[in-house]
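# Let's see this in three dimensions:
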Amino acid sequence: MKLIQRLPFVKKPPFVAVLRLHGAIGMSRPGSPGLSDAAMAPLIERAFARGKPVAVALLINSPGGSPVQSALIASRIRRLAEEKNIPVHAFVEDVAASGGYWLACAADHIWADPTSVIGSIGVISAGFGLDQFIEKYGIERRVHTAGGSKSFMDPFRPEKDEDVARLKRLLEDMHVSFVEHVRARRGAKLASDRDLFTGDIWTGRQALAEQTGLIDGIAHAVPKLKELYGDKVRTLAYAPRRSIFSRFGAQFGAEIGMGASGALIDTAEERALWARYGL
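Here you go, the predicted structure:
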C-alpha cells in the first residue's frame with residue numbers, strides 16, 4: 001500500500017488589486033472607452049471580488065471631467081470596499097484635480113508624489129461667445145424652441161444675465177456635492193483654519209507641508225504597499241483593454257464617419273483639461 005506524502009500547507013503571500021484610473025472623466029472617443037462608470041464597472045467589480053486582496057490600490061492620473069461620472073465611480077468603489085471590508089489606497093501620479101481628486105477621496109488613504117498636482121475642488125463651465133463672429137460674416141442664427149429655457153446659454157446669441165445667474169446656481173449646487181464628498185471622506189484630517197474649496201491647487205509637497213489634510217503622505221505605490229503589507233506582497237493590475245485601433249495609433253473615428261465632429265470636440269476638451277495643469 002503506497003502512502004501519499006502530504007505537503008505542508010504553504011500560505012500564499014498577500015496581494016493587492018491595482019486599478020488604474022487614467023484620463024479625463026466622462027469623455028470618450030473612438031478606440032478609447034473613456035474614464036466612466038460604465039467602462040470601469042467590470043474592472044472595479046473584479047478587483048474587489050477576485051481572490052482575497054488585502055487592499056485595493058487606485059493609481060490616479062486625472063485632471064477631472066464629469067462630476068456625475070466621478071460620483072458614480074467613487075460610489076461604486078466605496079460600496080464594494082465597505083461590503084467586503086477591504087481598505088483602499090489612492091496613489092496620485094501627475095494630477096488628481098477636480099474630478100480626479102473626487103476619485104482619490106474614494107480611498108481611505110491618499111498618497112502623492114512631491115510634484116503631483118492636488119485639489120481644484122471646484123466646478124467650472126467654460127465656452128465661447130460667437131454671436132459677434134457670426135454677425136460679422138452675415139450668418140443668421142435660426143433657433144426654434146418649445147420652452148423658454150431650451151436655448152439656455154446658446155453661444156451664438158448674446159449672453160443673458162438670467163442665463164448666467166441660472167448657470168451659477170447649477171455650478172454652486174454641484175460644488176456643494178463635491179465639498180460634501182470631500183468632507184465626508186477626509187473628515188477631521190482637513191485643515192479647519194482655511195478654505196480648501198476655492199478651486200486652488202497644491203503640489204503633493206505643499207499639501208503635506210501646509211497640513212491641508214488633502215493627502216496622507218508622500219509615497220509611491222510599490223514601496224508603500226510593501227511597507228504596509230510586507231515585502232512579499234504581490235500586485236494584480238486591472239486596466240481597460242485597448243482596442244486594436246488604439247494599439248496601432250489609428251483614430252479613424254476622429255477623422256471620418258458620423259462621429260467625427262463629436263470625437264474632435266471630446267479630444268479638444270480633454271486636452272484643455274490636461275493643459276490647465278501644464279500637462
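# For the rest of this, base every contact and every neighbour count on C-alpha atoms.
Noted.
# What segments of the protein are strands?
Listed in chain order, the strands found in the chain under DSSP state E are 15-22, 55-62, 88-97, 109-112, 117-119, 201-203, 217-218, 234-238.
# How far off centre is the shortest one?
Spelled out, it's strand 217-218. Centroid separation between strand 217-218 and its chain, computed with CA atoms, centre = their mean, to the nearest Å, is 20 Å.
# So in that sheet, which strands flank that strand, and in what orientation?
The pairing partners recorded for strand 217-218 under DSSP bridges are strand 109-112 (parallel).
# got the CA coordinates for the partner strand in CSV?
The C-alpha coordinates for strand 109-112 follow below in CSV (Å, rounded to 0.1, in the frame of the first residue of the first chain):
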residue,chain,number,x,y,z
HIS,A,109,-5.7,57.0,2.4
ILE,A,110,-4.3,59.3,-0.3
TRP,A,111,-0.6,59.2,-1.2
ALA,A,112,1.1,61.5,-3.7
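# which residues are in contact with it?
When contacts are taken as CA atoms under 8 Å, 6 or more residues apart in numbering, the neighbours of strand 109-112 outside the stretch itself are 88-93, 104, 204, 214-220.
# So for that strand, what gets flagged as buried?
Counting neighbours by 16 or more other CA atoms under 10 Å, one finds that the buried residues in strand 109-112 are H109, I110, W111, A112.
# The contacts of strand 109-112: which two are farthest apart?
The two members of the contacts of strand 109-112 with the most space between them (CA to CA) are V88 and G204, at 19.0 Å.
# quick one, which of the two is more surrounded?
The residue with more neighbours, out of V88 and G204 and counting by other CA atoms under 10 Å, is G204; that gives 27 against 24.
# Any idea how many residues pack against the nearest residue to that one once chain neighbours are set aside?
Leaving aside its sequence neighbours, G204 sits nearest to P114 (CA to CA, 6 or more residues apart in numbering; 4.5 Å). The local packing of P114 (other CA under 10 Å) involves 20 other residues.
# Show me the shaky parts of the stretch 1-150 of the chain.
Segments of the stretch 1-150 of the chain classed as low confidence (criterion: pLDDT under 70) are 1-10, 27-34.
# Try it again at 90.
Low-confidence segments of the stretch 1-150 of the chain, defined by pLDDT under 90, are located at 1-13, 26-35, 123-150.
# The residue nearest to L236 when sequence neighbours are not counted bridge partners, please.
Of all residues not flanking L236 in the chain, A17 sits nearest, at 4.9 Å (CA to CA, 6+ apart). Beta-bridge pairing of A17, defined through DSSP bridges, involves V56, L236.
# Help me confirm that A17 comes into contact with P53.
Yes - with the criterion set as CA atoms under 8 Å, A17 and P53 qualify as a contacting pair; they are 6.1 Å apart.
# if you count what's nearby, which of the two comes out ahead?
Looking at A17 and P53 with other CA under 10 Å, you find the greater number of neighbours at A17, namely 24 against 20.
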